[in-house]
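Next comes the sequence, and after it the predicted model I'd like to discuss.
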Amino acid sequence: MALTQTLRAELQAEGSLGQDAFTVMGLRQKNITKAQAGYVTVYQPGDVLVPTQNYKKQGLLKGQQYTVVSVDRENQRLLVETPGGQVMGVDPGRCPLKSVYVGQEVQVAPGDQLRWTKNDRANKRRNGQRFTVQSIGSDGTAQVIDSEGHTQQINLSGRQYLDYAWVSTTYGSQGKTADRIMALMDSTTTNRESFYVTVSRAKHHLALYTPDKVELVRWAEVSKAKENTSDYVPLEQVVEKDGGSWAANHRSTSSIAKQPVATTIKNPPATKQIVIPHELKRRETERLRTKSALPETNNQPVAKQKYLALWKRYSQGLTVSDPVRLDIQVVRRALKDGQAQKDIALTLSAGSSIVRRIIQDQGKQEAMIYVNQTVRKLLSHQSFRNGQLHQMRRDLQIELD
């Protein structure tokens, strides 16, 4: 948002963008996973909950907007305001099919580029679809034109599922191209996959802006796709299968387990949430569904005691009230202490109250996904062959500013 505001201010100063004429209350999707959306700890007053099906027992209707008034962490309930102005309590864990949005004021001026943030079949709008404001009145009535050249008059008063479209995330730019691309590359958002998407969007000119040119090369050599904790970590147990331990068998085939992993620990901002791509989640779910029932072994109680002891060790002295933040702090301490990724995942599985509740409410598969995304957030990933990156740099002439 800061980058967008700076860009708009410069465009208004040079006359390319008109002056702000109307303020829209825009809704953009909150950056949380489906599993996280079931817990009150991720909500803030002002968030907007929109069910995608009716939940009559809780009084929630499909497509209606419910504004979070307050968060009752002790009773795991949200106090929400209905579209009619009534206030009622809601358990987010009992309405899994929903979207959660964050409200923000969007100043709109003639010439602004906006995008829809939700599908709307009735009005033929697609999530991510862009349009340009040609004119807008003080009552919110606007004349707009879409990317295909179609013009229409719309009313932007009230809450709208829209946001600025001056800048885009790497994820949002997939499948799109432009004559000129300017990209901000830093250690938080840059990896092999995002780098490839970024540099392949430009038709004629590409400019990368980075705080460190040397470090940019290293960031772009790190792959997020190679590491998948669930590929070699069971969720609460060490399992023996076919006369040998599951972990030992998997070490013989997993390239991750064979190679040392360089770990960098960073404190993620509290407003950032962890997202697991849909395709990764699908693969994990299919793998878990096809796996046969796992036999009980005599090693399981001993192993679980080991990981409970590790949990107590790394959680000792922490005063974090949010259990999600507690899990992150425990993982960070374990990484700093040099624990293996497998042991960290098992420690989280054994001691986390969030994991226990996900297993109880949503099942082991959702718990596995939560463990994955928590561990993955604090791990750096293995480097791919330098020759691949060099080839990529030869294919495109990159201007580093």
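Arrived safely, thanks for sending. Numbers count the residues shown, from 1 in each chain.

Just give the closest residue to residue 25, not the sequence neighbours.
Take residue 25 and drop its neighbours on the chain: the residue closest to it by C-beta to C-beta, 6 or more residues apart in numbering is residue 159, 4.9 Å away. Glycine gets a C-beta too; all of them are placed from N, C-alpha and C.

Next up, the contacts around the one you found.
By C-beta atoms under 8 Å, 6 or more residues apart in numbering, the residues touching residue 159 are 25, 26, 27, 48, 65, 103.

And the furthest pair within the residues you listed?
Farthest pair in the contacts of residue 159 (C-beta to C-beta) is 26 and 65. Separation: 12.8 Å.

Looking at those two, which has the bigger crowd around it?
Remark: of residue 26 and residue 65, residue 26 carries more neighbours, 23 against 18, as counted by other C-beta atoms under 10 Å.

If the more buried one is in a bridge, with which residues?
Legend: beta-bridge partners of residue 26 under DSSP bridges are residue 104, residue 160.

Likewise for residue 146?
Counting by DSSP bridges, residue 146 is bridged to residue 131.

The one 5 residues further on now?
The bridge-partner assignment for residue 151, based on DSSP bridges, gives residue 145.

hang on, it packs against residue 143?
Yes: judged on C-beta atoms under 8 Å, residue 151 makes contact with residue 143 at a distance of 6.5 Å.

what do these two both touch?
Jointly contacting residue 151 and residue 143 under the rule C-beta under 8 Å, 6+ apart are residue 134.

before we move on, the earlier item: what pLDDT is listed against the residue nearest to residue 25?
pLDDT, residue 159: 88.

Please report how far it lies from residue 353.
Counting by C-beta to C-beta, to the nearest Å, the separation of residue 159 from residue 353 is 35 Å.

same question, residue 375
17 Å.

and those two? which has more neighbours close in?
Ranked by neighbour count (other C-beta under 10 Å), residue 375 and residue 353 place residue 375 first, with 25 against 11.

Can you read off the pLDDT for that one?
Taking residue 375 on its own, its pLDDT is 84.

tell me the SS of it?
helix (DSSP: H, G, I helix; E, B strand; the rest coil).

Could you tell me which residues make contact with it?
229, 331, 341, 344, 345, 348.

will you turn those residues into CSV that also has distance to residue 78 and neighbour count?
Formatted as CSV, the entries for the contacts of residue 375 read as follows, by distance: C-beta to C-beta, whole Å; neighbours: other C-beta atoms under 10 Å:
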residue, distance to residue 78, neighbour count
229, 30, 22
331, 27, 26
341, 34, 21
344, 31, 28
345, 30, 26
348, 26, 29
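
Flag the least confident of these.
Comparing the contacts of residue 375 by pLDDT, residue 229 comes last, at 45.

returning to that earlier point: out of the contacts of residue 159, which is nearest to residue 357?
Nearest member of those to residue 357, counting by C-beta to C-beta, is residue 48, at 24.2 Å.

tell me which element the residue nearest to the closest one when sequence neighbours are not counted is part of?
Excluding the flanking residues, the one nearest residue 48 by C-beta to C-beta, 6+ apart is residue 101, at 4.3 Å. Using DSSP states H and E, residue 101 maps to strand 98-108.
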